[in-house]
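>>> Just a sequence and a predicted model for now, questions to come.
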2 protein chains.
Amino acid sequence: MINSITVKDVKLKLGVLCKSKRQSYDMSQEDLGEAIGLSRYTIQKFENGKNATLDTVLKIANHFDLLKPLKKGIDKIIEDENNISLY
Amino acid sequence: MINSITVKDVKLKLGVLCKSKRQSYDMSQEDLGEAIGLSRYTIQKFENGKNATLDTVLKIANHFDLLKPLKKGIDKIIEDENNISLY
DNA sequence: TATATTTGTGTATTATAATAAACAAAATAT
DNA sequence: ATATTTTGTTTATTATAATACACAAATATA
């Protein structure tokens, strides 16, 4: 597969999503950082695809109400794993 | 909402998912760490809900072929954001 | 255009995730 | 039951994410 998705791709995509969500809330990087107790620089780096901690990512996701969708995604993967042997 | 999902909940759930996936592949924590260039201790901590880096999480996800589903989830969120104004 | 705001980038410092090694406790296998 | 493997936990060290500045570049606003 020459067109497989990479870790780097996902990090970049997460950054873009953060930026998009943030702008839809009319917040600056400063605003977002302040709202969730992170520095603007941490937001800045994350939005540009740099590495971050899970806490940082989940705090951001939480602020944009994405924790429940994420949980559902995880649950779906767990379900898939349990049901694969039934076919 | 007294029953809202927390950052900690998601970290725990991700750890459980990692353990479940790993066991379905018949791998020890050592095996998994070795396979993706991480120490056993890093796997150990992640599976028990401790904080980790995005790189660590995505390397694990990648090893279990969860990067594409994750990408799709992100894309769905982006789509939802773009379409919300149409209703 | 000028002003204000936001974003990108740099440097130094601090906090903490990741590593490595060892050992005990649990779980599995023989 | 014993041996083997796996997991949980500790300590010390290293790598790096996060912070706090400052300042220039880019965007948006008046």
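Now that the structure is in, tell me what you want to look at.

>>> Show me which residues of chain A are close to DNA strand D?
A:33, A:37-39, A:41-42, A:45-46, A:50-53, A:55-56 (C-beta under 7 Å from any atom of the strand). C-beta coordinates here come from the backbone N, C-alpha and C atoms, glycine included.

>>> Throw the residues you listed into a markdown table and include pLDDT, thanks.
Output for these, formatted as a markdown table (pLDDT from 0 to 100):
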| residue | pLDDT |
| --- | --- |
| A:Gly33 | 98 |
| A:Gly37 | 98 |
| A:Leu38 | 98 |
| A:Ser39 | 98 |
| A:Tyr41 | 98 |
| A:Thr42 | 98 |
| A:Lys45 | 98 |
| A:Phe46 | 98 |
| A:Lys50 | 98 |
| A:Asn51 | 98 |
| A:Ala52 | 98 |
| A:Thr53 | 98 |
| A:Asp55 | 98 |
| A:Thr56 | 98 |
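
>>> Of those residues, which are in range of DNA strand C?
A:41, A:53, A:55.

>>> ok, the first one - how many residues close by?
By the measure other C-beta atoms under 10 Å in any protein chain shown, the count of residues near A:Tyr41 is 10.

>>> Can you tell me whether I have it right that it is in a helix?
Yes - assessed by DSSP: H, G, I helix; E, B strand; the rest coil, A:Tyr41 belongs to a helix.

>>> remind me which residues of chain A are low pLDDT?
Residue ranges of chain A with pLDDT under 70: A:84-87.

>>> how about the residues of it near DNA strand C?
Contact residues, chain A versus DNA strand C (C-beta under 7 Å from any atom of the strand): A:22-23, A:28-31, A:40-41, A:44, A:47-48, A:53, A:55.

>>> among the residues you listed, which are in helices?
When the residues of chain A next to DNA strand C are checked against helices (DSSP state H), the matches are A:22-23, A:29-31, A:40-41, A:44, A:47, A:55.

>>> And those residues, which two are furthest apart?
Longest distance between any two of these is 22.9 Å, between A:Gln23 and A:Asp55; criterion C-beta to C-beta.

>>> Shouldn't A:Ser4 be within a helix?
No - read with three-state DSSP, A:Ser4 is coil and lies in no helix.

>>> contacting residues around it?
If a contact means C-beta atoms under 8 Å, 6 or more residues apart in numbering or on different chains, then A:Ser4 has no contacts.

>>> Next up, phi/psi of it, please.
phi -80, psi 150 (degrees, to the nearest 10).

>>> Number of residues surrounding A:Asp80?
10.

>>> scratch that, A:Gly73
Residues near A:Gly73, counting by other C-beta under 10 Å: 19.
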